[in-house]
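Visitor: Need a 3D model of the sequence below.
(chains A, B, C and D)
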There are 2 protein chains.
Amino acid sequence: MRTKCMNCQIKSTAVKALSVTELEFLEENCYEIMYRKGEMIIEKGKHSTHIAYIKSGLVKIHMEGPRNDQVLKIAPKETYVGIQSILSDQVHQYSATALQDCLICHIDVRSFRQLVKKNSGFANELIIYLCEDELNYFKRFVSQSQKQINGRLADTLLYFATDVFNQDVYELPLSRKDLGTFLCTTRESATRSIRELCDLGALRVNKNRFEIRNRTLLQTISKTG
Amino acid sequence: MRTKCMNCQIKSTAVKALSVTELEFLEENCYEIMYRKGEMIIEKGKHSTHIAYIKSGLVKIHMEGPRNDQVLKIAPKETYVGIQSILSDQVHQYSATALQDCLICHIDVRSFRQLVKKNSGFANELIIYLCEDELNYFKRFVSQSQKQINGRLADTLLYFATDVFNQDVYELPLSRKDLGTFLCTTRESATRSIRELCDLGALRVNKNRFEIRNRTLLQTISKTG
DNA sequence: TCTATGATGTGATTTCAATCACATTTGTGT
DNA sequence: ACACAAATGTGATTGAAATCACATCATAGA
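Guide: This next block holds a predicted model:
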């Protein structure tokens, strides 16, 4: 049996603003799916009937570019994916792929829109969510265009340690190739950059097991590019 | 005497969703200012009490990076600037500077938030606005990280021709330096790229007067990077 | 167990753009 | 009209990262 929205433990801030009746309405217009690592959750170009909400697991948001598939974001739980389809019943502008096994809640986009129109508290929280998300992209944009690879890698490793895993030793759920496209570089350059940070003593790496050994140094590398 | 919001000819889609009473409320909580070319409209780090709405003129949105000041966006009229301050009474996360003489409407952020909470149609339009804006940044992010300078310049020149001036001959309101930072490169490389596109016959340039001579060629350059 | 396919590490080389250096033009205030 | 500061154009050089090429290591089937 599926979990009732009302009892859902990882409601978004927006959903917390809904009334009991609205939660019951939501309940009838969403459903959960488990995705295995590597499966596509939403696909660019496909008709967008649902918004996805990550209940657990990590998701890669990516978009075709002129050369590569570009990773825009590595999204942890409690992230909305494909919310831009709220614009209209159009097609998804980007793809999302599970990096780990993921529990995803799919919400019917028309019902979602109805909730926005009915409950301005819900709408308000969504606005806040979108603004924060956009600010994060601004920062990422600036970093990406002004820092060198080592700086961008340092950023990313700190991001995983601080915001995703909350510890300094973790299993990086990305292939070197994905890490490369997330860093806006190539697989080879990503590999080399990892080795440089190891040589500097900031890191220890074994396969995908990363250990941050000198956080201060990493932060310095992140700052100076 | 100032224009009444009700009669304002360049209302945002969101403001069009407001009732007469709400428009009167808005009227009492916003004011217009003319900015001269070069003046700062909002400044990073300053307390954000107002959201700016561009009624006329072009505005540069920019943010400090580790090396440069990075231009995030060249915003034309009917753009909200600093809307992210809706998050809370915090400080602005980026700056905005007038590239031309600009008429700006400053809206008290608390009143703005009240309108969001009161009128879900207003909130809904804002959500749509934010989603579109974010999608544009996604595309810019991908272009910037995968295209070479000529491709990025082609993009930008087409953007001005199509979305800003709506004609193929225009006065570019950016210094070479600003153009450089918008393209995520240096002044020198921007200059060289302009010359290359001229040599290819895609452009004709005299000072800041740009003329697109071969739109198809520019589009090809934009696509292939 | 063996094989095959994909992922990864690493050196050599090339390429694009940054940096440096300086000439020239433009603009501004007196 | 003049002087000075700021913006722009342009060549020479350097440098970071992409590309190429290939070896090695996993991993999943047969």
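Visitor: which residues does the closest residue to chain B within chain A contact?
Guide: Per Cβ to the nearest Cβ, A:Ala123 is where chain A lies closest to chain B, at 3.4 Å. The C-beta positions use only the backbone N, C-alpha and C, and glycine is treated the same way. By Cβ atoms under 8 Å, 6 or more residues apart in numbering or on different chains, the contact set of A:Ala123 is A:Val116, A:Lys117, B:Val116, B:Ser120, B:Ala123, B:Asn124, B:Leu126, B:Ile127.
Visitor: ok, it to B:Asn119 distance?
Guide: A:Ala123 is 9 Å from B:Asn119, where distance means Cβ to Cβ, to the nearest Å.
Visitor: where exactly do the helices run in chain A?
Guide: A:13-16, A:20-28, A:109-118, A:120-146, A:149-159, A:176-182, A:187-199, A:215-224 (DSSP state H).
Visitor: With mean pLDDT and distance to B:Arg204 as new columns, can these be given to me in CSV?
Guide: Listed next are the helices of chain A as CSV, based on pLDDT from 0 to 100; distance: least, Cβ to Cβ, whole Å:
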stretch, mean pLDDT, distance to B:Arg204
helix A:13-16, 96, 51
helix A:20-28, 95, 57
helix A:109-118, 94, 46
helix A:120-146, 95, 29
helix A:149-159, 98, 38
helix A:176-182, 97, 37
helix A:187-199, 97, 38
helix A:215-224, 94, 41
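Visitor: In JSON lines, list the contacts of A:Ala123 along with distance to DNA strand C.
Guide: Output for these, formatted as JSON lines (distance: Cβ to the nearest atom of the strand, whole Å):
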{"residue": "A:Val116", "distance to DNA strand C": "39"}
{"residue": "A:Lys117", "distance to DNA strand C": "44"}
{"residue": "B:Val116", "distance to DNA strand C": "40"}
{"residue": "B:Ser120", "distance to DNA strand C": "45"}
{"residue": "B:Ala123", "distance to DNA strand C": "40"}
{"residue": "B:Asn124", "distance to DNA strand C": "41"}
{"residue": "B:Leu126", "distance to DNA strand C": "35"}
{"residue": "B:Ile127", "distance to DNA strand C": "36"}
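Visitor: Buried subset of those, written for PyMOL?
Guide: To isolate the buried ones among these in PyMOL, judged by 16 or more other Cβ atoms under 10 Å in any protein chain shown, type:
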select buried, (chain A and resi 116) or (chain B and resi 116+120+123+124+126+127)
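Visitor: So which of the helices of chain A is nearest B:Leu103?
Guide: helix A:120-146 (24.4 Å; Cβ to Cβ).
Visitor: Let me know whether the closest one sits next to DNA strand D.
Guide: No - contact of helix A:120-146 with DNA strand D (Cβ under 7 Å from any atom of the strand) is absent, the minimum separation being 10.1 Å.
Visitor: Now do that helix against helix A:109-118, angle only.
Guide: Angle, helix A:120-146 to helix A:109-118, by axes from the mean of the first three to the mean of the last three Cα atoms, to 10 degrees: 110 degrees.
Visitor: Next, the angle helix A:149-159 makes with helix A:120-146.
Guide: Using the same axes, to 10 degrees, helix A:120-146 lies at 150 degrees relative to helix A:149-159.
Visitor: what angle sits between helix A:120-146 and helix A:20-28?
Guide: 60 degrees.
Visitor: who in chain A is up against DNA strand D?
Guide: So chain A meets DNA strand D at A:Arg67, A:Gln148, A:Ile149, A:Asn150, A:Cys184, A:Thr185, A:Thr186, A:Glu188, A:Ser189 (Cβ under 7 Å from any atom of the strand).
Visitor: can we see that at 6 Å?
Guide: By Cβ under 6 Å from any atom of the strand, the residues of chain A that approach DNA strand D are A:Gln148, A:Ile149, A:Thr185, A:Thr186, A:Glu188, A:Ser189.
Visitor: What distance do you get for the nearest residue to the first one once chain neighbours are set aside to B:Gly180?
Guide: Nearest residue to A:Gln148 in three dimensions, chain neighbours excluded: A:Gly225, at 5.0 Å (Cβ to Cβ, 6 or more residues apart in numbering or on different chains). A:Gly225 is 18 Å from B:Gly180, where distance means Cβ to Cβ.
Visitor: hmm, stretch A:149-164 in reach of DNA strand C?
Guide: No - legend: contact between stretch A:149-164 and DNA strand C by Cβ under 6 Å from any atom of the strand is lacking; minimum distance shown is 12.2 Å.
Visitor: which residues make contact with that stretch from outside it?
Guide: Contact with stretch A:149-164 is made by A:58, A:74, A:76, A:143-144, A:147, A:167-168, A:170, A:172, A:179, A:182-185, A:189-190, A:193-194, A:196-197, A:202-203, A:210, A:212, A:215, A:218-219, A:221-225, B:66, as judged by Cβ under 8 Å, 6+ apart.
Visitor: Right, I'll leave it there.
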